[in-house]
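>>> give the three-dimensional model of this entry:
(one chain, ligands or ions: 2)
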Amino acid sequence: MTSTMAVAPCGAAPGRACGSCTLCCKVYALPALEKPPGAWCVHCAPGRGCKIHDAAPEPCRRFFCLWMSDGKLGEAWRPDRAKFVLSIFPPNRFVYGQVDPGSPGHWRKEPYYSGLRSLARTLLDERRHVIMFLGDEATLVMPDEATPLGKMTSADQFRIEPAFGPKGPSWRATRV
Ligand code: SF4
Ligand code: SF4
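Ligands and ions are numbered 1, 2, ... in the order given. This is a model prediction of the structure:
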C-alpha cells in the first residue's frame, strides 16, 4: 500500500533533526505493529518522539522523510508544519506525499501548492512525478494543476499526456 512507510536509501542532511515533528508516526501504516495509516502509533508521544526508539521496527529506524534528507527544503516544509510527509518512493523515484488526515487540504495552501507544482516541473524532465495521498486516494500534481487519480497503490501505473484546453497547454493523467 502506498501509505506504508517506504524507505529510501538516504540519510539526514547536515544539521537536520526531527525536533518536535512526529508526523510519520501518524500518517503511514506500519504492518509490523498492525498500525493503520492516519492514526498515531501507540508508541508515539506526539510532538516528543518514539517511546521505544531503540526497539522500533527497522522501517522506522531507517526512514528519513524528504525534509530530513534535503537541506534545501525550508522550515515551513517540516512535516508537522506542512501537514504532509514527503518521501521518495524507491521503485520509481517519484515523490510521494502522505497527507495528515487531520488537515487534508493544507497541501493546497501556500507555499505548498506552488512549491509542489514547481517540484513537479523539475521532476518532469526525469519522467518523475509528485503524487499526494490522502489514505489511498491519490492526486497527481503537475506543473499547472492537480489531477485526482482515485484509489491507487504503488502497483498501479498511469499515463501522462499533454492536453490542450481553454486555458492553453496542460497535462492529462490516465490510470492504465
Ligand atoms: S516526518 Fe520526517 S521530520 Fe517528521 S518525524 Fe518523521 S522523519 Fe522526522
Ligand atoms: S514504533 Fe516508534 S518510530 Fe515507529 S511508528 Fe511507532 S512511534 Fe513512530
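
>>> kindly report the residues of this structure close to ligand 1.
Contacts of the chain with ligand 1, taken as CB under 6 Å from any ligand atom, map to 18, 21-24, 63-65, 67-68, 79, 85. For every residue, glycine as well, the C-beta is placed using N, CA and C.

>>> mind picking the two most distant members of these?
Largest separation among the residues of the chain next to ligand 1 by CB to CB: Thr22 and Phe64, giving 14.0 Å.

>>> contact partners for the residue nearest the centre of the chain?
Centroid-nearest residue in the chain, with CA atoms, centre = their mean: Gly97, separated by 1.6 Å. Applying CB atoms under 8 Å, 6 or more residues apart in numbering, we find Gly97 in contact with 84-86, 107, 116, 130-133.

>>> go with 7 Å
84-86, 107, 130, 132-133 (CB atoms under 7 Å, 6 or more residues apart in numbering).

>>> ok, now how distant is it from ligand 2?
From Gly97 over to ligand 2 the distance is 18 Å, taken as CB to the nearest ligand atom, to the nearest Å.

>>> neighbours around Arg48, how many?
Around Arg48 sit 9 other residues, with neighbours defined as other CB atoms under 10 Å.

>>> just the pLDDT for it.
Note for Arg48: predicted pLDDT of 96.

>>> the strands in this structure, which residues?
If DSSP state E is used as the criterion, the strands of the chain fall at 44-45, 49-50, 84-89, 94-99, 130-134, 137-141, 146-151, 158-165, 168-175.

>>> turn the ones you listed into CSV, including distance to Ala12.
As requested, the strands of the chain are exported to CSV (distance: least, CB to CB, whole Å):
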stretch, distance to Ala12
strand 44-45, 19
strand 49-50, 15
strand 84-89, 13
strand 94-99, 18
strand 130-134, 22
strand 137-141, 25
strand 146-151, 29
strand 158-165, 31
strand 168-175, 33
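
>>> before we move on, the earlier item: ok, for the residue nearest to the centre of the chain, nearest residue in space, not its chain neighbours?
Spatial nearest neighbour of Gly97, chain neighbours left out: Met132 (4.3 Å); criterion: CB to CB, 6 or more residues apart in numbering.

>>> perfect, I'm done here.
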